[in-house]
Structures are given as C-alpha cells and as structure tokens.
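**Student:** let me see the structure of the following:
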Amino acid sequence: MQRVDNSYVFDVSFAELVEPGADAEILPPLCNPPILDCTPDLTTLSYLHEPAVLYNLRRRYEQKQIYTYSGVVLVAMNPFHTVPLYTPECMAHYAKGHGGHDDPHLFAIAEDAYQGMVNDKRNQTIIVYGESGSGKTTSAKYIMRYFAQAHHADTNSEQMSTVESQILATNPVFESFGNAKTTRNDNSSRFGKFLDIKFEMKKQKIVGGRIRTFLLERSRVAYQPPTERNYHIFYQLLAGADDALRAELHLGNEYGSWEAFHYTSQGGEGSGTIPGVDDAEDFAVTDASLEMVGIDSSQRRDIWRTLSGILHLGNVTFSGSETVGSYIDTASEAQFAIAARLLGVEEAKLRQWLTKRQIVTRHDHILAKVNKTQALVIRDSIAKFIYSRLFDWILGPINASLLPTEVDEQATSFVGVLDIYGFEHFEHNSFEQFCINYANEKLQQGFNHHVFKLEQEEYRKEELTNWTFIGFQDNQPCIDLIEGKPIGILSLLDEESRLEQGSDRTFTEKLYRQFDATKTMAVSASYFRKPRFSNTAFTIKHYAHDVTYEGDGFLEKNKDTVPDEVLDLLCSSSFAFVSNLATSHTREAGSPHISASAPARGGFQRRQAPTLAGVFKRSLTGLMSTLSETEMHYIRCIKPNEAKAAWEFQPKMVLSQLRSCGVIETIRISKAGYPSRVPIRTFNERYAPSLNSSSASSEKPSEEEHALCQQILEACLPDRDQYQIGLTKVFFRAGQWAIMEKKRSYLFENSAVIIQKFCRGHLVRRSYQVMVDAVVKIQRWYRDHLFELKVEEFHRRHAVRTIERYWIAFCDERQKLLERESAIFIQSFARAYLAKARFRRLAQRAREVEEQMAR
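**Tutor:** Just a heads-up that it's a prediction; the model follows:
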C-alpha cells in the first residue's frame, strides 16, 4: 500500500478480488455496493478484502465511530480523545437491551456476556487484547465499570456495593504497580490480567471477584529505554509521600525526586513526568485504593519501605577489576547502608553476596570473585526479584478481600475480563516478545475454533443443505514447535538454563540442530528458520508474521532469579515483610530437586527455582483451560497512529494490527462460506416490492415468501451454488449480494430513464405553455406601458406649453410694471431737480433785490 497525494494505492492481486461466479461485466471487482458503505459489521461486506476492510474502518473513524464488528470480534479504534460514549445514560441504553448488532459498542459486548451468563447459565469471558497504546486497559476498565454500575440489584440506589467498589479500586492499584510510560503509550500495561467477576446466580448481583496476572515485565525495574520510565508507583511515591514518610524512607533532601535514583532516571531528561498527570495526586488515589481492597496502613507502609529499598539499592555502584574482583564504590556506601537497613539485611552479608558468588563442589563450598558487570547483574536481579514478589503478594490481600471463603463456596457464575498484550513484532525481539507471541498463538488457536464453530452452527441452525465444513489454517504446528515435549523450544530453553555451562549461544545452536528442516520430517520444523546473517537469532513463522528473536539474554531472563545465597539472606531478613516475600517464593518453588549440572553421584542437592518460561506456560495452560469452559467474546483494540494524535488514521499501521489480531482471519473464514446474509423478508421487500404484506406479522417467513425469494434468486443468479435459502435468511457467496444490488440498481436506472422521459416531456410542454402565456402577458403589459408613456408624454408637453404661456405673460407684465416704476422714478427725480433749480434761482434773485434795496 502506498500513498499518492491524498489517495491510497493497494497492491492486491486480481485473483484476490474477483470472487467465483462474479459477473465482471456488471460489478467492478473492488466496489462494494453503497448500501454497505460504513457498515457496522465488516463480515457483511460483499467483497471481503483488505482494501475494503480498511476503507470501511477509515470512513467510520472519520465519522467518529470508533467501534465496528468483524463477526464475533469488536474492533475498537483508539480515538486519543475524550468521547461521550461511556455516560450513565449510555450504560442504561445497553442495559435495557436497546443496543443491537447495528450498534457496535463496548457495552454491547459486556451486555451480551451478561445476558449469556443469565439466560444460558454459562460462564463468559471477554478477551481484550491489542498492542501498547491501543486502549485495551481503558476498554477493560470501562467493561468492569459497566458490570459494577449497569445492573444494580436496587435500581433506585446509585450507591455501589462494597465488592463492586473494590473491583473498580483494583484498576488504580494495578495501573500503579504494573503500568509504565513507554514510547508508544503513557500508561502501558506491562503484564497480563484476568479478572473473573463473580455473580450470585439467583439475583445476578456481583458478590466477588478473583484476579490472576501473567508475565510482569521484570526487566523494567532495573532498565528503561530512552524517554520511557519505570513503573508509575515509584514516581508516585517520590511525589506524594508526606514529610514523615520521607524521613522514614530516606526520601528527603537530595533523594526527594526521581532524578536522584538510577532506577527512575534512565529514560533521560523529562522522562520522569507525564503531561497532564499529577503523580502526587495519583499516589493518594493508589493509597486509598489499596485500603479499599483490604491492605491496611501497616502493610501499605511496608510496601512503601520495600519500594524505597529497591530505589536505594539501584544507586549502589561498583568498582574493581578482573584480578581483584568488584567492590562497592565509596560514593555509594551511604545508600548501600540505607538499602540494607530498609530491606532488613546485614550489610556485611549483602556486601559479600553482591561481590562474590559461591561455587558448590562435591566436598566444599568455594567463594569466587565476580567482576563489576556481574555485580551489577546481581544487584539488578535482587531488585527485580523483590519487586516481582511484591507485585505477586499484592494479589493475595486483593483476592482475599474480593472473594471471601464463604462466597467462594457458594454457587456462583462469572464473567471474566482478560486484558492481555497483543502480538508484538519489533526490530529487536527478545524473550518477552517470545512469551507474548506464544500466548497469542494459543489465544489465536482458541479464537479460530470459536469463530469456526459459530460459523458452522449458523449453517446448521438455518438448515442449509449444500455446504461443507470450512477449512482454516491451524497453528498447532507452531504451538508444538514452542511447547512440544521433549524437543520444544521451551523445553530446550529450560534444559539449557539448568546447565552450569549453558549460554545463549549454545541454546540457539541446539535449536539449529534440533529443528533443521533438512534433517527432520516434523511439520513443526517448517515453522522454524535460521536467519542468514546471524548465529544467535532464530525466526518463527507465527500466524500473524514471521518474527526473528535475538537469542542474547534468553537464558538470563528465563532464569530471572537471585543466587541461592541472596535468597537465603532475604529469607532471614529482620524486616518481616521482605522475609515473607522471599519465603513465599521458596514455598512456590516446591521441594528441591537435583540440578541438571549436579554429578550423577553425590550427597548434595541444589535448590532449583522454576524458570520464568515454565511458570508462564503453566499459567497460560490454566488460563486456556478456564477460557475453554466459557463463552468467549473478543475486543480487538487498534492503535490508529504512532504519534498518539486525535482522530488521525495511518492505514499501514492499522492493517498490520488487523492481520495480527485475527480480524483478517475472521474475514477469511467468513469468505470461505456464505459471508453475506439477508433475512428473507428484508430480501423480498427490497427486491420485490409487490410482496403481499398480509404475512408480515409472523416472525417466520411463510412458504409464499420462500417461493418468491427462490423465484427472484433464480432470475438474478443462475448459478445456484452461489446462494442458499435457509429458514429465515438468504446466504450469499462473496460478491453475490453486490451483484444483486447492481442489478437492482440497473433495473431502477432503466425504469427511471423511462419515467424521466415522460416527466421531462410533460415538464417541457408545460414549461413551453407557461412561457407562451408569459410572453403574451408581457407583451400586453408592455404595450399598455408604452401607451401610458405616450399619454404621459402628451400631458407633459401640454403642461410645458401652458407653463410657457403663463410664464411669458407673467414676464411681459412684470417688464411693463418695471418700466412704469422706472419712468415714475426718473420723472420724480427730474421734477425734484427742476424744482430745486428754480428755487435756487428765485432765492438768488431775492438776495440780489435785498442787496439793491440796501444800497
């Protein structure tokens, strides 16, 4: 598969796409009909191939639909975002039985399991699995919450019982002690967990529970890759301990943060914190949860002391050489003393067994020096041993609190929730991946048989006549290769682990000789291969993918125990809690037996602890035995992108997980039979609308409906091997329902063309008549409008002429008046002037007369 611009190109052979009997002229091979777009169940796709599956999941994910069925498997896509799908209202919706097969959800699976337990009186198991970061821990948590809250005995009370609260309280406990931050997930489960929730058979209320754990990642206690961190509980203790507890555990001053300890700071700068997580607050939650599940304050204080002892022990460093041996650095003497005091062991003896080892011969015990590297290995083995025993010890009080003896003796049924790691395939794979993939091989085998059985039961229930048992790829040879006796990989690993001179190289060489395909006829040998460019690795052909394991470290991790002398020292600890942890391990190891490296004759025996592979195999065998007696439900959690980004879909990554989780195998099994199934009544209503609806009230289709269904199928699909009619459903081979849909579409298209022809003619004629009427009306209106314009023009001109006439008359009259007023003014002025001139002359004559008279 390649990405081109905004599209995805899949490399798929044509033979994988064209189904037998498919009509290539009608249906393109890659196309599923539109009716199946975003289908809630992948097995209903008419064409079942990886591109179609991936396209359907992507479309649903884009529509914020994170759940999709694939037959009996619920595919859960991690949204990396808060979604409103787990509210009390949503719980009530499914608890009332409103969620059908068209409504995939986590709660629907939980409700199916609950109803199967109540109605069928059979124990149930919900298997939640997926790779780190896929959301399996959160899914398991919501399932437990559903069982605790959805079905209360007293529906009027919102308060949960003590047992229900305790079951929910186990989540923060195991998340703190068994989860860690990794490059893929900030809260990654580093162990497997099986919780069976006990229900009282009459009232169906929760009365107890029991928890089992598998394969804790012990190596994380002493080593963390870059950017990762140790188990959450260490950081919570360092962040949340009060002053009194810090003083008691020597976690104050320079030892008060995660940067001060080697076991918590190997991830590098900033690795000890998680965005959005308050370790101090989580410590308070963990402490309260421990109290809730039955661990009292004294025991919790012992736990904190033990964890502090592990942290201080991790800061002990060594110096030395091959000649003088190793010794504790002066700079770490103070923390060595603190570690010894917290663990309750004598400093001298702890110093001795950290820097020396005892060799037992026939007649004597010899103390041999160990180098610096070996001393560090012993130190780390002590830390891993104590933490793993502490993790196992926590189960005791929890199970005693969840399942008292009187409840265990009652007749109860249970629903189990298995939270387990999915198939792992990395660039470098070691013992942990080997065990994880071995467990997935066993689960896949059970899954195949379960799916297979359901498929056959469906055919029998519908009384199909022309069908044969569907074959499937059995992975039993791969399982035989791993666990076979006496020459399985696990047996050879245990055998090599008990040899004094055993090494990873001799182990892998023994595998090469034993499983050489050219020298053995065993079928399982074909599942083993030696890599071309390595002499310390081996490749196993798993059901999901060929995985190459690096043999380096296999023996050390398989032994994963402390020297007998150190174990005896811990058993004699003055700190009763540590002493009990070590003593319980000695009891679980059983009676001593002769070591494989011991002489054939002799008087001494050496205590031999069980190997990690042996313990895991027995646990897995017990788990599979429990699962085989229950009805199983599967939830496959998918991590859609590597960056943990919200609503981002990386097809290549999703497809790889689908292949490794059994979803593709489910589709392959369905594809081999009749994957498309349609109820007869629905089929008739879809393909023959003229069906008489008088019999639609009965649940079982009538003979008339069967006959009509047969008539439709014979007309559309001449090859009768491509379909079968059951009691209530029509079963199609892959691709046949798509052909029916395409022919139905063509029939509708042809009918639509005829209807469109007449409708369009009628519409055109009606449109033409409307157009003509409109033209006439427009013309009439326009002519009236033109006449009105002419009349208006006439009136305007007449008005202009009238105005002009009156205006001219007005102007003439005003001119005459102006002339008259001007003439009067001029006359008055002239008369006044003349009068004044005459007056001056008369006055002049009068003065002259007076002057004459005066002489």
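
**Student:** which stretches of the stretch 351-500 of the chain have low pLDDT?
**Tutor:** The stretch 351-500 of the chain contains residues with pLDDT under 70 at 361-363, 408-409, 411, 467-473.

**Student:** run the chain-centre distance for stretch 252-266.
**Tutor:** Per C-alpha atoms, centre = their mean, to the nearest Å, the displacement of stretch 252-266 from the mean C-alpha position of its chain is 33 Å.

**Student:** average pLDDT for that stretch?
**Tutor:** Averaged across stretch 252-266, the pLDDT comes to 92.

**Student:** ok, and what's touching it?
**Tutor:** With contact meaning C-beta atoms under 8 Å, 6 or more residues apart in numbering, stretch 252-266 is reached by 221-225, 229-230, 234-235, 238-239, 243, 246, 271-272, 310-312, 314-315, 383. From N, CA and C alone the C-beta is placed, and that goes for glycine too.

**Student:** rerun at 6 Å
**Tutor:** 224, 230, 234-235, 238, 246, 272, 311, 314-315 (C-beta atoms under 6 Å, 6 or more residues apart in numbering).

**Student:** give me the subset of these that lies in helices.
**Tutor:** 234-235, 238, 246, 311, 314 (DSSP state H).

**Student:** pick out whichever of the residues you listed sits closest to F758.
**Tutor:** The closest of these to F758 turns out to be Y235 (C-beta to C-beta; 77.4 Å).

**Student:** that closest one and V277 touch, don't they?
**Tutor:** No: shown here, Y235 and V277 do not form a contact pair, counting by C-beta atoms under 6 Å, at 9.0 Å.

**Student:** more neighbours: these two, which one.
**Tutor:** Neighbour tally, Y235 and V277, criterion other C-beta atoms under 10 Å: the higher count belongs to Y235, 25 against 15.

**Student:** could I get the contacts of stretch 252-266 as a markdown table with pLDDT and distance to E432?
**Tutor:** Shown next, in a markdown table, are the contacts of stretch 252-266 (pLDDT from 0 to 100; distance: C-beta to C-beta, whole Å):
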| residue | pLDDT | distance to E432 |
| --- | --- | --- |
| Q224 | 91 | 14 |
| N230 | 95 | 16 |
| F234 | 96 | 20 |
| Y235 | 96 | 22 |
| L238 | 95 | 26 |
| R246 | 93 | 34 |
| G272 | 91 | 23 |
| L311 | 96 | 23 |
| G314 | 95 | 20 |
| N315 | 94 | 26 |
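
**Student:** dump those to CSV, plus distance to D564.
**Tutor:** Putting those into CSV (distance: C-beta to C-beta, whole Å) gives the following:
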residue, distance to D564
Q224, 29
N230, 27
F234, 28
Y235, 33
L238, 33
R246, 35
G272, 35
L311, 25
G314, 22
N315, 25
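
**Student:** how about those, which pair is most distant?
**Tutor:** Maximum distance among the contacts of stretch 252-266 (C-beta to C-beta): 23.4 Å, for Q224 and R246.

**Student:** more crowded one of those two?
**Tutor:** Q224 (23 against 17).

**Student:** give me phi/psi at that one?
**Tutor:** When read as degrees, to the nearest 10, the backbone of Q224 gives phi -130, psi 130.
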